[in-house]
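>>> build me a model from this:
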Amino acid sequence: YLFAIAFRQLMAGTDAGVKYFPTVFVSMHTLLLEGTFMDSPGAVVDILAKESIVYVLVFYLFVCVGSLMVMNMLIGVLCEVVSAVASTERETIAVATVKDGFMEIIEKGGLDTNGDQMISRGEFEEILNCPDSTRLLEKVNVDVYGLVDLANYIFTEDNDDTQEKHLTFAEFMEIVLSLRGTNGATVKDIVDLRKFIKDSLAKVEEKLRSDVGGLPRSNSIRSTTREHKLTEGKVVVNGERSLQPNIADANQAADTPPHCIVHCPKEASQEPS
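Residues are numbered from 1 along each chain as shown. You can find the predicted model right below:
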């Protein structure tokens, strides 16, 4: 567009301008065919040379700029495709290497103690104790310490916390590879997080209810010796009620022997006649 405006202004009133660059739109069409698609640039160059060498230089500049831009775009697309393919291939090779490595560790180390082709928590801990396993996990950017911390969550049944879950080798590798630091968060991860938080809060609430239910309903006499009693905003000290509670009365009540503390009723009792 810029070169079309330039040719339209430069070649106004010339024969070549009337034929090839009468308007901006026609100028863009001429530059596209002759300068980009290279339909017959020689004929246009000859006509421009008859007018002035400056027009030829401007046309060559457009050809160079246009060709370089198109070439850079093609190179960029090609590099992006090659980079994506190479990254995918590296990922595939790394995953295959880790799977083969873990399979070899389990088979050669005899870590499948019961021979059920399943991985229990004990076998999982034995696998992680192997130095080769640690190197394999670090190769695919898996946090080994974080994986150990998640053992309770991985090997616990969803509906029953007391039951230990056993994993197949495919499930084990899926969980391990899902804990890589390069992985992005997905909707499934958010749903699992919500479920984990909900279950954890339910367990805490149940624990608090059981603990609170086991507490005694009334305090013993010994516990009353270390607290001051407030009755409708009045401190009870030695059987007498003070209209304004103060720290001295409270301290005196705390130091008073248990038999001296008398709980006064809300209404003053009348002496019998």
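>>> hey, where'd the helices end up in this structure?
For the chain, the helices defined by DSSP state H cover 2-10, 15-20, 24-30, 41-51, 53-109, 121-128, 131-139, 144-149, 151-154, 169-178, 187-213, 221-224, 247-255.
>>> okay, those in a markdown table with mean pLDDT and mean neighbour count next?
From N, CA and C alone the C-beta is placed, and that goes for glycine too. Below are the helices of the chain laid out as a markdown table (pLDDT from 0 to 100; neighbours: other CB atoms under 10 Å):
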| stretch | mean pLDDT | mean neighbour count |
| --- | --- | --- |
| helix 2-10 | 86 | 16 |
| helix 15-20 | 83 | 16 |
| helix 24-30 | 88 | 16 |
| helix 41-51 | 84 | 15 |
| helix 53-109 | 87 | 13 |
| helix 121-128 | 84 | 17 |
| helix 131-139 | 85 | 15 |
| helix 144-149 | 82 | 12 |
| helix 151-154 | 80 | 13 |
| helix 169-178 | 85 | 15 |
| helix 187-213 | 84 | 10 |
| helix 221-224 | 46 | 11 |
| helix 247-255 | 48 | 14 |
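>>> tabulate the ones you listed (a markdown table), appending distance to residue 115.
Listed next are the helices of the chain as a markdown table, based on distance: least, CB to CB, whole Å:
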| stretch | distance to residue 115 |
| --- | --- |
| helix 2-10 | 76 |
| helix 15-20 | 84 |
| helix 24-30 | 76 |
| helix 41-51 | 77 |
| helix 53-109 | 11 |
| helix 121-128 | 11 |
| helix 131-139 | 20 |
| helix 144-149 | 24 |
| helix 151-154 | 21 |
| helix 169-178 | 13 |
| helix 187-213 | 31 |
| helix 221-224 | 60 |
| helix 247-255 | 68 |
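>>> who touches residue 79 in this structure?
Contacts for residue 79 (CB atoms under 8 Å, 6 or more residues apart in numbering) come out as none.
>>> I'd like to know how far it sits from residue 86.
For residue 79, the distance to residue 86 equals 10 Å [CB to CB, to the nearest Å].
>>> what does residue 111 give?
Between residue 111 and residue 86 the distance, using CB to CB, works out to 34 Å.
>>> now do residue 141
Distance of residue 141 to residue 86, computed by CB to CB: 17 Å.
>>> now residue 70. Nearest residue, chain neighbours left out?
Nearest residue to residue 70, sequence neighbours excluded (CB to CB, 6 or more residues apart in numbering): residue 36, at 7.3 Å.
>>> what is the burial count for the one you found?
Counted with other CB atoms under 10 Å, residues neighbouring residue 36 total 15.
>>> these two touch, right, it and residue 66?
Yes: applying CB atoms under 8 Å as the test, residue 36 and residue 66 come out as touching, 5.0 Å apart.
>>> so what does the residue nearest in space to the middle of the chain have for phi and psi?
Centroid-nearest residue in the chain, with CA atoms, centre = their mean: residue 185, separated by 4.7 Å. Backbone torsions of residue 185, given as degrees, to the nearest 10, read phi -70, psi 140.
>>> how much space separates it from residue 44?
Per CB to CB, residue 185 is found 57 Å from residue 44.
>>> equivalent analysis for residue 58, please.
Using CB to CB, residue 58 is found at 12 Å from residue 44.
>>> ok, residue 4 next?
Applying CB to CB to residue 4 and residue 44 gives a distance of 14 Å.
>>> with adjacent residues omitted, what lies nearest to residue 103?
Of all residues not flanking residue 103 in the chain, residue 169 sits nearest, at 7.0 Å (CB to CB, 6+ apart).
>>> correct me, but the one you found touches residue 119?
Yes: if you go by CB under 8 Å, residue 169 and residue 119 touch, sitting 6.7 Å apart.
>>> between the two, what contacts are shared?
By CB under 8 Å, 6+ apart, residue 169 and residue 119 have these common neighbours: residue 106.
>>> what sits opposite residue 119 in the beta ladder?
Residue 119 has the following beta-bridge partners by DSSP bridges: residue 167.
>>> hmm, residue 170 and it touching each other?
No: in this structure, residue 119 is not within contact of residue 170 by CB under 8 Å, at 10.4 Å.
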